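Chemist: Sequence and predicted structure, then a few things I'm wondering about:
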Amino acid sequence: MGSENRVRIMIAKLGLDGHDRGAKVLASMLQSEGYEVIYLGMYNTPEMLVQSAIQEDVDMIGVSYLSGEHLTLTPILMRELSKNGVEDLPVIIGGIVPPQDEQELMKMGVKRVFRGSLVKDVVNYLNHYFA
């Protein structure tokens, strides 16, 4: 990936989930693959995430959930994207997501759900998505 056309991805945690090791590992791996990563950290609201994504002009948002808040916070995130006119900004979700919730998240507009996936699976997906 050429540095003049680097893909910008924002990685964030929403809600009160204080476990961010997986998100940090993913951010580091994506950087080593040539992506520009903006790590927003923990304890964000959907509104904060969308405003930061707009300010940073990112190409994709990645949200990590480990707390079970994915069905509560993702619809708010998707509404916030729409409210701010950036509903086309792709969102991927990773972490602990029960298999029965994946289809519901996809119906909300999430591009891909990585349930306990290896980091290399996410990297492979992104490399194909942005090819």
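Modeler: Arrived safely, thanks for sending.

Chemist: for the protein, what's the longest strand?
Modeler: strand 36-44 (DSSP state E).

Chemist: How far away from the center of its chain is the helix or strand just after that strand?
Modeler: Reading on from strand 36-44 to the C-terminus, the next helix or strand found by DSSP states H and E is helix 46-56. With CA atoms, centre = their mean, to the nearest Å as the basis, helix 46-56 stands 12 Å off its chain's centre.

Chemist: ok, now stretch 10-19?
Modeler: Per CA atoms, centre = their mean, the centroid offset for stretch 10-19 relative to its chain is 10 Å.

Chemist: Number of residues surrounding D59?
Modeler: Neighbours of D59 under the rule other CB atoms under 10 Å: 18. For every residue, glycine as well, the C-beta is placed using N, CA and C.

Chemist: Same check on the one 3 residues further on?
Modeler: Neighbour count for G62, taken as other CB under 10 Å: 26.

Chemist: let's have the chain start at 43 instead
Modeler: Sounds good: first residue 43 from here, last item G104.

Chemist: so who does the residue nearest in space to the middle of the chain touch?
Modeler: What sits nearest the mean C-alpha location of the chain, by CA atoms, centre = their mean, is G104, with 0.9 Å. Counting by CB atoms under 8 Å, 6 or more residues apart in numbering, G104 touches 51-54, 65, 68, 133-136, 164.

Chemist: Swap in 7 Å and give it another go.
Modeler: 51-53, 134, 136 (CB atoms under 7 Å, 6 or more residues apart in numbering).

Chemist: next one: G60
Modeler: With CB under 7 Å, 6+ apart, G60 has these contacts: M84.

Chemist: Then D163?
Modeler: Per CB under 7 Å, 6+ apart, neighbours of D163: F156.

Chemist: Done for today, thanks.
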